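**Student:** here is a sequence with its predicted model. Questions after.
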Amino acid sequence: MPYATYTAPYGIDRGTCDRGSLARRAAPGSAALVGARIGSSMDQVDQACVARVLEFAPDRAPVRWYGAPKMDYGGPAFAVTPLRTFERNGQFCRDYQAIATIHGQDEQSYGTACRMTDGVWRIAG
């Protein structure tokens, strides 16, 4: 008997985030999920990519994409990897790692986010 397959949107199932498709669609918004230096290099579409990674990527499956080009360089490269999925207070939550290459330097951060009842992912505090 064949197994059912699932295709995640925006290329997430292929390990990438299709910024162009995501930017054209009216997808539910997301709060800033990555902070500090990595977050400051992300635009709204990049943050939406992070939310889609948290929603659709399996644990330990990195998703990579390039951010929008900046005036002073070609643009950052991002990789977000969900590390662990769990339930907290009835909410679906995930620990994740974010890596960005900015001006040739790698920056790394870890975080936990939970999906709210409205479908928006927020940093767990």
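**Tutor:** Received the coordinates, thanks.

**Student:** what sits against the residue positioned nearest the centre of the chain?
**Tutor:** Taking Cα atoms, centre = their mean, the centroid of the chain lies closest to Val50, which sits 1.4 Å from it. By Cβ atoms under 8 Å, 6 or more residues apart in numbering, the contact list for Val50 reads Ser30, Leu33, Val34, Met42, Val80, Tyr96, Ala98, Trp121. Bear in mind the C-beta positions are built from the backbone N, C-alpha and C, glycine included.

**Student:** so which helix or strand of this structure has the lowest pLDDT on average?
**Tutor:** When each helix and strand of the chain is scored by mean pLDDT, DSSP states H and E, helix 36-40 comes last, with a mean of 83.

**Student:** can you give me the strands in the chain?
**Tutor:** Taking DSSP state E, the strands of the chain run over residues 63-66, 77-88, 91-102, 105-115, 121-123.

**Student:** let me know the average pLDDT across the second one.
**Tutor:** Looking at strand 77-88 alone, the average pLDDT works out to 97.

**Student:** and the residue nearest to the centre of the chain, how close does it get to Asp18?
**Tutor:** Here Val50 is placed at a distance of 14 Å from Asp18 (Cβ to Cβ, to the nearest Å).

**Student:** show me which helix runs longest in the chain.
**Tutor:** As assigned by DSSP state H, the longest helix anywhere in the chain is helix 44-56.

**Student:** just the angle for it relative to strand 91-102, thanks.
**Tutor:** Using axes from the mean of the first three to the mean of the last three Cα atoms, to 10 degrees, one finds that helix 44-56 and strand 91-102 are set 140 degrees apart in direction.
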